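Visitor: Need coordinates for the below:
(2 chains)
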Amino acid sequence: MRKLFVFLKDYKKETILAPLFKLLEAFFELLVPLVMAGIIDRGIADKDMGYIGLMGLCLLALGAVGLVSSITAQFFAAKAAVGFSAKVRQALFDHIQSLDFTNIDKAGTSTMITRMTSDINQVQSGVNLVLRLFLRSPIIVFGAMVMAFTIDVKSALVFVVAIPLMAVVVFGIMIVTIPLYRRVQSALDKVLGITRENLTGVRVIRAFHQEGKEEERFQEENRVLANLQKFVGKISACMNPVTYVIVNGAIIALIYIGAIQVNIGSLTQGEVVAIINYMSQILVELVKLANLIITVTKALACADRVAGVLEIQNAEAAPLPPGAGDVKADASSKEAGGGGREASPFLEFDHVSLTYQGAGDKTLEDVTFQVQKGQTIGIIGGTGSGKSSLVNLIPGFYPVTEGAIRIEGQDIRTIPAEELRGRIGVVPQKAVLFKGTIRDNLQWGKPDATEEEMWSALDIAQAREVVEGKQGGLDAEVAQNGRNFSGGQRQRLTIARALVRRPDILILDDAASALDYATDARLRQALQSVENEATTFIVSQRASSILHADLIIVLDDGAVAGLGTHEQLLQDSTVYQEIYYSQYPEKAKEA
Amino acid sequence: MNQKETIKKVLRYIRKYRIRVILSLALAALTVALTLYVPILTGDAVDLIVDKGLVDMPGIFAIMKKIGIVMVLTAFAQWVMNICNNHITYHVVKDIREDAFHKLEKLPLKYLDAHPAGDIVSRLIADVDTFADGLLMGFTQLFTGVLTIFGTLLFMLVTNVPIALVVVCITPVSFLVARFIATRTYSMFKLQSENRGEQTALIEEMIGNQKIVKTFSREEAVKAQFAKINGKLEDSSLKAIFFSSITNPATRFVNSLVYAGVGIFGAFVAIRGGISVGRLSCFLSYANQYTKPFNEISGVVTELQNAIVCAGRIFALIEEEPQTPDAKDARVLKDARGSVELKEVYFQYTPEKKLIQDFNLSVKPGQRVAIVGPTGCGKTTVINLLMRFYDVDSGKILVEGTDIRDITRGSLRTSYGMVLQDTWLRGGTIRDNIRMGKPVATDEEVVQAAKAAHAHSFIKRLPQGYDTVITEEGGGLSQGQKQLLCIARVMLTLPPMLILDEATSSIDTRTEIRIQKAFAQMMEGRTSFIVAHRLSTIREADVILVMKDGNIIEQGSHESLLARKGFYAELYYSQFAV
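Guide: Numbers count the residues shown, from 1 in each chain, chains lettered A, B, ... in the order given. The predicted structure follows:
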């Protein structure tokens, strides 16, 4: 919670000025009865028309000054609240962007979205209201009490009892309802989750004809939400009536005390009226406050949820084993001196193991291999054998649990993430494009890419025809998630996106699965051409995709089950043989 | 959609709760009457406290008792009224959300494919929320505000007609000011809503694909993009909020005019002896009470303004054209044997781009039909048409000799088991995901289906096995594992016909062959459609359709197509090339 207040810092001036001008307005309002008293006591009593006119103008002037200060207050309040929420929203977005892959896996997308939208909106209205009105109420309540003391101490004691009582009610209800509002928000999360699911999974849901069931599910969650809202509403609904009872009870007490005091002559009738008026004034303020308190309570609950996201911390990098990084670089340069250049591997996996956070079993176990610059490496293996996990380690998406990965002798943990990832082009399994133009999407790979660079990347990715087939070419519109492109077209564009930056290392994570064989073959040919100098990792199910790789890594259940060229593996890896012959039954017959 | 129509539609939703609305109104009237009565009682009490020795204690006790009763009554009425208002608001909101969701399930895919999910989600969640806030505020403050005005007006007219008329003449200015501001701010709120929708769409896109953002180290660029929209939203929000909040001070200024008017006019009347000083001061306090609700109302009006804009957006969704409903006499497809026929089918997504043209195909029960062709040739479109996700532009598709437009969508679609390349799983346990097509399936059946789909071994290794909760869209599972789950899901339903659209593209070939065997066993005598790039996947098909640019260019078995040495042969040999 306190975390969010920091964002008001830049609006210090506004945050102070808004309530100040609000108080000024209240002050001018309080002067009005005094002027009116003047009209009655002097104007009417002396039949002084001129004086009445003057005082009338005075009333108008007070109104005008009140108007100006009030509008000023509204402006500062709005500015602070809107600016504050914009800052929080940006900070939240930035923070989510900074989360590592482990945290992204854990956080749900839909709850992040509610927090970024609906929750922050609630906080915004909360801040706006607090600045405009919330601070005014306590000041008027205490001001009224102070005024009562100047008139009569005994009567004022009623205030001393009533005000804490009201405070207990107001804050009590707030304390009870804040956790409940938090539950309301998480019920809303669920409703949002189902809505999103039904949009993203519409084909599957309709294919299974589950529309009716989905509606039931939605109605159930929606009902839970409505019931929770009603329940909280019931508690909040007590605020007004209870404070009303307290204030009027106090008025009854004041009449009683006043009657006795007047009877013995220590108080006048007018003073009783004044004290009762102050109590009524408190009531008016409390009614206003009660109307606000729901918004403020909600805002507090929402602020908590927002702060919760800001508190997610990326795990600290595990300490490097001694001798990692530079030391190794020295070693390899020594090697280079002795055994010639080829001996120094461009990229090296050194007894790498990976266990995902919260998982029971190792996903990768003791993986060791070395790669020379410019080589093509094929990775093949069954579903769930750890192929993607292996290539995800290279850009440092997940930290290795054991062992080390080195690029040119340097442990990747010692290379800043941005620098490391800047050298690597990744084509993920899920081919996603972003809203904008094709050009915008290609610029993801390299922000300052020239037209020539883009076309050359598109050529290698076999995507030239995709772009030329669209109206506007490079400037053709891409809808959200690239919905206006087919799976194969998206895949080729995502490959081009990774190639634009001419990466040192190119990772194709089963990135050609939606391509037909002819296109796939042309793509591979292009990747091996001089146009592409990257050290290329190809993860694939297709033996044909990796057949000609310089090095093939066969994975089985997270462990290396074979390492070598196609010919070598065909000789001595049973797992590889099985995979290969399953796709080339004719060759099996020959063998 | 204009404001008036939207309000009418909101009223239609409220009508269902009219008894509560009437009760709420009645209680509001009671509360107002009682609250106006209390000052009179206290005034009476004060009149009994005249001076030293002149205090009527028994009279005061009687009044105190009265105030006590009125107070308890008021509090109770207020409480019940609040609960009524809560009930009405949250139920109306619930109804609206239900209707919106109902529409979501009925919207044609054409609409859903063309609209960002984030925008629709924002309508259903954020917009409805804002609407609820406005509606609740309207209920709790609008009624009592209006009633207080009428109550005090009555008291004033009884006391002194000419001065009351002064009040009545000046107050319309308050309304005019509020109206003026409200109409101006309507467009500002609309802009704010639009900017908000745009921002939500961006959030959805970037947070949903965060890994890709990080892969390309695009965090800074994305942050900048967000900052731009955020700045736009900040601007429009500031304008909307500030200008709408002027209403309050402006109407309060009008109130000061009323107060001054009563003061000056009243003083002149008093000089001529038309009203006593005591009466005048009483009048002034009423004038104050009379104008106060105007402030509240004008505040509520701006909230309502915002609420109506949001309601407009959600109603626009609710009123979106749904897919053509199933005909009343539509056939329920039962025990389909698997004869499918496409006759002279034409289809295109956009008018300017031709896709499927004069497509003819006849499939006999039990046949295995494979569709191959270069990317973008319309393979997936054929699936969209078979499942009736889209309707043909002309021509027809017959299943068991009946035009599929004369079959209920539900029975048509459940006759097919479908596995798509874009795997989709829902947040929930593995078990629930597999059971999706057949919720009554026993645990053994689930395990059996998972075994047939070769998913059992990896599920077993998950922390909680079948009860492992996966996040939405199956985060944490690999693409291949997700495909295995989708296959298990279909295996469980045992459909008469099968559609596999690149369903095994991310599964290794060894496992794929085993799965295919399982499918072959399961689909013995049933029709299946298989779209695949891997020609090894489809070699065993009875009929292979080779598609190019929306047309079938070759058709036949693997051997006959190879013998023809045409496009298929070229495709087939290309995989051994390089």
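Visitor: Let me see the ranges of the strands in the stretch 201-350 of chain A.
Guide: For the stretch 201-350 of chain A, strands defined by DSSP state E, counting those that start in this stretch occupy the ranges A:347-354.
Visitor: Look at A:Thr383 and give its secondary structure.
Guide: coil (DSSP: H, G, I helix; E, B strand; the rest coil).
Visitor: OK, contacts around it?
Guide: B:His454, B:Phe458, B:Ser478, B:Gly480, B:Gln481, B:Gln483, B:Leu484, B:Ser506, B:Ile507, B:Asp508, B:Thr511 (Cβ atoms under 8 Å, 6 or more residues apart in numbering or on different chains). Glycine gets a C-beta too; all of them are placed from N, C-alpha and C.
Visitor: can you give me phi and psi for it?
Guide: Torsion angles at A:Thr383 (phi, psi; degrees, to the nearest 10) stand at phi -60, psi 130.
Visitor: excluding its backbone neighbours, what's nearest it?
Guide: With Cβ to Cβ, 6 or more residues apart in numbering or on different chains as the criterion, A:Thr383 has its nearest non-adjacent residue at 3.3 Å, and that residue is B:Gly480.
Visitor: any chance of the contacts of A:Thr383 in JSON lines, plus pLDDT?
Guide: As requested, those are exported to JSON lines (pLDDT from 0 to 100):
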{"residue": "B:His454", "pLDDT": "86"}
{"residue": "B:Phe458", "pLDDT": "83"}
{"residue": "B:Ser478", "pLDDT": "77"}
{"residue": "B:Gly480", "pLDDT": "81"}
{"residue": "B:Gln481", "pLDDT": "85"}
{"residue": "B:Gln483", "pLDDT": "87"}
{"residue": "B:Leu484", "pLDDT": "89"}
{"residue": "B:Ser506", "pLDDT": "72"}
{"residue": "B:Ile507", "pLDDT": "77"}
{"residue": "B:Asp508", "pLDDT": "74"}
{"residue": "B:Thr511", "pLDDT": "79"}
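Visitor: Surely the residue nearest to A:Thr383 is in a helix?
Guide: Yes. Remark: B:Gly480 belongs to a helix, assigned using three-state DSSP.
Visitor: ok, it - how many residues close by?
Guide: 28 (other Cβ atoms under 10 Å in any protein chain shown).
Visitor: Around chain B, pick out the residues from the stretch 251-400 of chain A.
Guide: Neighbours of chain B within the stretch 251-400 of chain A, by Cβ under 8 Å from any Cβ of the partner chain: A:251-252, A:255-256, A:258-260, A:262-265, A:268-269, A:272-273, A:276, A:280, A:284, A:291, A:295, A:356, A:358-361, A:380-385, A:388, A:395, A:397.
Visitor: which stretches of the chain form strands?
Guide: Using chain A here. A:347-354, A:364-371, A:376-381, A:402-407, A:410-411, A:424-427, A:436-437, A:477-478, A:505-509, A:535-539, A:551-556, A:559-564 (DSSP state E).
Visitor: Actually, chain B is the one I wanted.
Guide: B:340-347, B:356-363, B:368-372, B:394-399, B:402-403, B:416-419, B:428-429, B:469-470, B:497-501, B:527-531, B:543-548, B:551-556.
Visitor: helices or strands up against the fifth one?
Guide: Same thing as strand B:402-403. Identification of packing neighbours for strand B:402-403 by 3 or more Cβ pairs under 8 Å, 6 or more residues apart in numbering or on different chains; DSSP states H and E yields no helix or strand.
Visitor: what sits up against it?
Guide: B:Arg331, B:Leu333, B:Lys396, B:Ile397.
Visitor: most packed of the strands of chain B?
Guide: Mean neighbour count (mean count of other Cβ atoms under 10 Å in any protein chain shown) peaks for strand B:416-419 among those, with a mean of 26.
Visitor: Which residue ranges make up the domains of chain A?
Guide: A:1-98, A:135-312, A:436-502 (automatic domain parsing).
Visitor: Redo these as a markdown table? Include mean neighbour count, distance to B:Cys310 and mean pLDDT.
Guide: Shown next, in a markdown table, are the domains of chain A (neighbours: other Cβ atoms under 10 Å in any protein chain shown; distance: least, Cβ to Cβ, whole Å; pLDDT from 0 to 100):
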| stretch | mean neighbour count | distance to B:Cys310 | mean pLDDT |
| --- | --- | --- | --- |
| domain A:1-98 | 18 | 17 | 84 |
| domain A:135-312 | 19 | 15 | 84 |
| domain A:436-502 | 20 | 22 | 89 |
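Visitor: Of those domains, which is nearest B:Asp56?
Guide: For the domains of chain A, proximity to B:Asp56 was assessed by Cβ to Cβ; domain A:135-312 is nearest, at 8.5 Å.
Visitor: From the chain's centroid, how far away is the closest one?
Guide: On the basis of Cα atoms, centre = their mean, to the nearest Å, domain A:135-312 sits 29 Å off its chain's mean C-alpha point.
Visitor: and what of stretch B:491-510?
Guide: For stretch B:491-510, the distance to the chain centre is 32 Å (Cα atoms, centre = their mean).
Visitor: how far does it stretch from start to finish?
Guide: Stretch B:491-510 has an end-to-end distance of 19 Å (Cα to Cα, to the nearest Å).
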